[in-house]
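Engineer: Requesting a structural model of the entry that follows:
(chains A and B)
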Amino acid sequence: MVSDAADPEEREGPADGAGPPPGGEPGELADPEANVDPSTLDPESARRLEQDRRDRRLIRRIKAGDERAFQELVATYQNRIFGLVYRMINNRQEAEDLAQDVFLTVYRAIGTYRGEGRFYTWLYRVASNHCKNRIKYLKGRHFNTRLDVDDHAEAQMPSGQGGALHSLQSQVPGPEQMTEGNRLQRAIQREIAALDEEHRLLIVLRDIEGMTYQDIMRITGLAEGTVKSRLHRARVALKERMRPHLK
Amino acid sequence: MAEQETPRADDELMSAYLDHELDSASSEAFEKMLEDSPEAKEELAELQAMLKLVGSLPEVEAPPDFYDKIARKIRRRKFLEGDLPVFLTLPFQVLSVLVVLTIAVVYTMIHLDHDPAAKLEKDPNAEKVAPEGEAGVEGEAGPRAPIP
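Structural biologist: Now for the predicted structure:
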């Protein structure tokens, strides 16, 4: 079996970006892969290495007060973070507000980010903690994620195809929009939203975002065996919920 | 940091197999186990079908004005926390002092107009030239002491 031991270098700052990191020089960003030559890696690893280096450069500039660098950082990750939050919350407006709050937290906490691990796993940890907190808050207000009016496929599409259009018109899809595919996508999203939040997070990270076990372990703080077995139970739960659509 | 719970070996294997995370020897052993277990084989097929559906979900895109809204939130928060340059905050500080002073002056003037004691002080002889009838009624109780 492939070993997926946690990287000892991956000891980052706060999961929610609120508290200080465990010591270190805040101005310095460590680059554990500074001497790695991308040409010696496979294409996927080389791409990730390049992304990590680009993130480090951006963070260095943000720490120096460069707002344009922050804008670049948001542009790089906004769709992924918005996607994660939307799949977790199942409400477009709530998701938009929450995803903005995630970046706001990053902006405020970036000064304490030491940069020892991969930036994007830290970002996803901040986002997943925000999601958990918001879900808890919404549960207290009896907010029903399953009754979201804009959870149809139209609202999930890129803005040019109607994604940003969450007007009344988009909430009442015409018969031509309600194709079988759209209905199925709505059903899948609804069933994901009905899962227990821990299961939902693992399904989103692994089966929608396509993350590696290693990254999921870093984001969730779970051990490898726990990630695998919990992911399996999440998949079985989702499969049971989706049984009518599997035929 | 890592949370521990008791993972089931079967669950781990199934997930790892679905995610192509098993090495070739473990993968072959798992496939051999599937041959002997039709239930496990069926479950695997259902899970694969489910994962295919989940994987078919379209990518979600953030609204075009996403960054602008974040920038607005940052500015608002900076303003609320007073983290603004003096040349921006000073006019607001001066304005708020002026508003408070204006309210205080207007309130004092209104209060003075409605205070009878204040009128008395303005016109100390007002009581002396009061109508005869009023003086008579009060006079029954005896003469009033002159106002100094």
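
Engineer: drop to CA atoms for contacts and neighbour counts, all remaining ones
Structural biologist: Fine.

Engineer: pLDDT value on residue 32, please?
Structural biologist: Answering for chain A, as no chain was given. The score at residue A:32 is 60. That number is its pLDDT.

Engineer: that's the other chain; I wanted chain B
Structural biologist: What the model reports for residue B:32 is a pLDDT of 90.

Engineer: any idea how far it is from residue A:228?
Structural biologist: Shown here: residue B:32 relative to residue A:228, a distance of 21 Å by C-alpha to C-alpha, to the nearest Å.

Engineer: touching chain B at all, the helix or strand containing residue A:182?
Structural biologist: Assigned by DSSP states H and E, residue A:182 belongs to helix A:180-193. Yes: Helix A:180-193 is in contact with chain B by C-alpha under 8 Å from any C-alpha of the partner chain, via A:185, A:188.

Engineer: Quick check: mean pLDDT of that helix?
Structural biologist: Averaged over helix A:180-193, pLDDT sits at 88.

Engineer: And it, how far out from the chain middle?
Structural biologist: The gap between the average C-alpha position of helix A:180-193 and the chain average comes to 19 Å, counting by C-alpha atoms, centre = their mean, to the nearest Å.

Engineer: Can you name the residues in contact with the following helix or strand past it?
Structural biologist: Next helix or strand after helix A:180-193 toward the C-terminus (DSSP H and E): helix A:197-202. Here helix A:197-202 makes contact (C-alpha atoms under 8 Å, 6 or more residues apart in numbering or on different chains) with A:88, A:128, A:132, A:192-193, A:216, A:227, A:230-231, A:233-234.

Engineer: sorry, back to before: residue B:32 and residue A:228: who's more crowded?
Structural biologist: Between residue B:32 and residue A:228, counting by other C-alpha atoms under 10 Å in any protein chain shown, residue A:228 is the more crowded of the two (26 against 11).

Engineer: which residues sit in contact with that one?
Structural biologist: By C-alpha under 8 Å, 6+ apart, the neighbours of residue A:228 are A:213, B:7, B:11-12, B:15-16.

Engineer: do stretch A:50-64 and chain B meet?
Structural biologist: No: figure legend: stretch A:50-64 not in contact with chain B (C-alpha under 8 Å from any C-alpha); closest approach 14.0 Å.

Engineer: average model confidence for that stretch?
Structural biologist: Taken as a whole, stretch A:50-64 has an average pLDDT of 92.

Engineer: buried ones in it?
Structural biologist: Neighbour-count burial for stretch A:50-64, counted by 16 or more other C-alpha atoms under 10 Å in any protein chain shown, picks out A:51-53, A:55-56, A:58-60, A:62-63.

Engineer: now swap in stretch A:210-217 and tell me
Structural biologist: By neighbour count, with 16+ other C-alpha under 10 Å as the criterion, the buried positions of stretch A:210-217 are A:213-217.

Engineer: Stretch A:103-116 now?
Structural biologist: Neighbour-count burial for stretch A:103-116, with 16+ other C-alpha under 10 Å as criterion, is recorded at A:103-107, A:109-116.

Engineer: centroid residue for chain A?
Structural biologist: Compute the mean C-alpha point of chain A, and by C-alpha atoms, centre = their mean the closest residue is residue A:84, 3.9 Å away.

Engineer: Secondary structure element holding residue 68?
Structural biologist: Assuming you mean chain A. With the criterion set as DSSP H and E, the secondary-structure element containing residue A:68 is helix A:67-89.

Engineer: right idea, wrong chain: chain B
Structural biologist: Element membership for residue B:68 (DSSP H and E) is helix B:66-80.

Engineer: what's the answer for residue B:26, then?
Structural biologist: According to DSSP H and E, residue B:26 maps onto helix B:24-36.

Engineer: contact partners of that helix?
Structural biologist: Among residues not part of helix B:24-36, those counted as contacts by C-alpha under 8 Å, 6+ apart are A:1, B:13, B:17, B:40-41.

Engineer: The buried residues of stretch A:103-116: which two are farthest apart?
Structural biologist: Taking every pair in the buried residues of stretch A:103-116 and measuring C-alpha to C-alpha, the maximum separation is 21.1 Å, between A:104 and A:116.

Engineer: circling back: could you pull out the buried residues of the helix holding residue B:68?
Structural biologist: For helix B:66-80, the buried set under the neighbour-count rule, 16+ other C-alpha under 10 Å, comprises B:66-67, B:70-71, B:74.

Engineer: Next, the angle from that helix to helix A:67-89.
Structural biologist: In terms of direction (axes from the mean of the first three to the mean of the last three C-alpha atoms, to 10 degrees), helix B:66-80 departs from helix A:67-89 by 110 degrees.

Engineer: so for helix B:66-80, what's the average pLDDT?
Structural biologist: Looking at helix B:66-80 alone, the average pLDDT works out to 89.

Engineer: for stretch B:49-62, same thing?
Structural biologist: Averaging the model's pLDDT scores along stretch B:49-62 yields 92.

Engineer: Pull up the distance across it, start to finish.
Structural biologist: Criterion C-alpha to C-alpha; first-to-last residue distance in stretch B:49-62 is 29 Å.
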